[in-house]
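>>> could you look at this predicted model? Sequence included:
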Amino acid sequence: MKHSKRYKTAYSSYDRQKRFDLDEALKILKTLPASKFDETVEIHFNLGVDPRKADQQIRNSLILPHGTGKTVRVLVFAEGDKADEARKAGADYVGLDDLIEKISGGWFDFDMVITTPTLMGKIGKLGRVLGPRGLMPNPKVGTVTMDISKAVDDAKGGKVTYRVDKFANLHIPAGKLSFPAENLKGNIKTILAAVLKERPSTLKGVFIKSITLCTTMGPGIKLQVASATLEAKS
């Protein structure tokens, strides 16, 4: 892959082999050459789990205390009172058959999908197109619920979902590079604490193998796993 001059400058501006504590890593992020847009800060984990095993498939959600910095477009499948509840809560798109038809036709201009348990049977056929995009509603992450108002509020207020991939990696957004360092740190500590709680009871050996911090277009900065774990507990 060919990288830009900005990326190459950033890549060579710090020790790529060193593991940094969180404060050091954030300081490096803030001093890297700026992009033309406000990049997302991401935290990536490589875990010691086997995603092929049902009890080691990690999937959940969390709410970032300082938000994501992104305007989240929320789609709600609902009818009647629940549709009214969704609109009142600020959902961007509300409906059922009309939205199913649009999505089946290739429309995906939304970031999160919420519905009630009673409608899962009807929208289940969308699993083949929503699932690969990480958009299929799931009760474990709070997007299949009778409390539509809370679900929409959470989505608009900094909720992120995460799911381990087939290589045992987790990729979680932690905010925008323009956030104050303390806000990014608060979000990252929340993520670290949530991931630590995901350790499967059946897992033997190391749970978190590596943690990397980066921006959308920037190189990765490796974190000290032990130090990061202490940050999560502080």
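Received, thanks.

>>> mind listing what D81 touches?
The contact partners of D81, taken as C-beta atoms under 8 Å, 6 or more residues apart in numbering, number zero. All C-beta atoms are positioned from the backbone trio N, CA, C, and that covers glycine.

>>> avg pLDDT for the helix or strand hosting it?
Here D81 sits within helix 80-89, counting by DSSP states H and E. Average pLDDT, helix 80-89: 97.

>>> cool, and stretch 54-72?
93.

>>> that stretch: end-to-end distance?
Its first and final residues considered, stretch 54-72 spans 30 Å by C-alpha to C-alpha, to the nearest Å.

>>> and stretch 56-68, by the same measure?
27 Å.

>>> related to what we said a few turns ago, send over the helix holding D81 as PDB, restricted to the C-alpha atoms.
Extracted C-alpha coordinates of helix 80-89, given in PDB (Å, rounded to 0.1, in the frame of the first residue of the first chain):
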ATOM      1  CA  GLY A  80     -47.900   2.600  16.300                       C
ATOM      2  CA  ASP A  81     -47.000   4.000  19.800                       C
ATOM      3  CA  LYS A  82     -43.400   2.700  19.500                       C
ATOM      4  CA  ALA A  83     -43.000   4.600  16.200                       C
ATOM      5  CA  ASP A  84     -44.300   7.800  17.900                       C
ATOM      6  CA  GLU A  85     -41.800   7.100  20.800                       C
ATOM      7  CA  ALA A  86     -39.000   6.800  18.300                       C
ATOM      8  CA  ARG A  87     -39.800  10.100  16.500                       C
ATOM      9  CA  LYS A  88     -40.100  11.900  19.800                       C
ATOM     10  CA  ALA A  89     -36.700  10.600  20.900                       C
END
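
>>> buried set for it?
82-83, 85-87, 89 (16 or more other C-beta atoms under 10 Å).

>>> in TSV, list the residues you listed along with distance to T145.
Converted to TSV, these look like this (distance: C-beta to C-beta, whole Å):
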residue	distance to T145
K82	10
A83	14
E85	11
A86	11
R87	16
A89	12
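
>>> hmm, back to that, any idea which helix or strand comes after the helix holding D81?
Counting by DSSP H and E, what follows helix 80-89 is strand 93-95.

>>> how about the next helix or strand along the chain from that next one: buried residues?
Per DSSP H and E, the first helix or strand lying C-terminal to strand 93-95 is helix 97-104. Neighbour-count burial for helix 97-104 flags 99-100, 103 (criterion: 16+ other C-beta under 10 Å).

>>> stretch 203-217 now?
203, 207-208, 211-215, 217.

>>> gap between it and the chain center?
For stretch 203-217, the distance from its own C-alpha centre to the chain's C-alpha centre is 14 Å (C-alpha atoms, centre = their mean, to the nearest Å).

>>> with stretch 156-167 instead?
3 Å.

>>> can I get the CA coordinates of that stretch in CSV?
C-alpha atoms of stretch 156-167 as CSV (Å, rounded to 0.1, in the frame of the first residue of the first chain):
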residue,chain,number,x,y,z
LYS,A,156,-27.3,9.7,19.9
GLY,A,157,-25.4,10.1,23.1
GLY,A,158,-22.2,8.2,22.4
LYS,A,159,-23.1,4.5,22.2
VAL,A,160,-20.7,2.3,20.3
THR,A,161,-21.0,-1.4,19.5
TYR,A,162,-18.1,-3.8,19.1
ARG,A,163,-17.7,-7.4,17.9
VAL,A,164,-14.6,-9.6,17.8
ASP,A,165,-13.7,-10.5,14.2
LYS,A,166,-12.5,-13.9,12.9
PHE,A,167,-8.9,-12.9,13.7
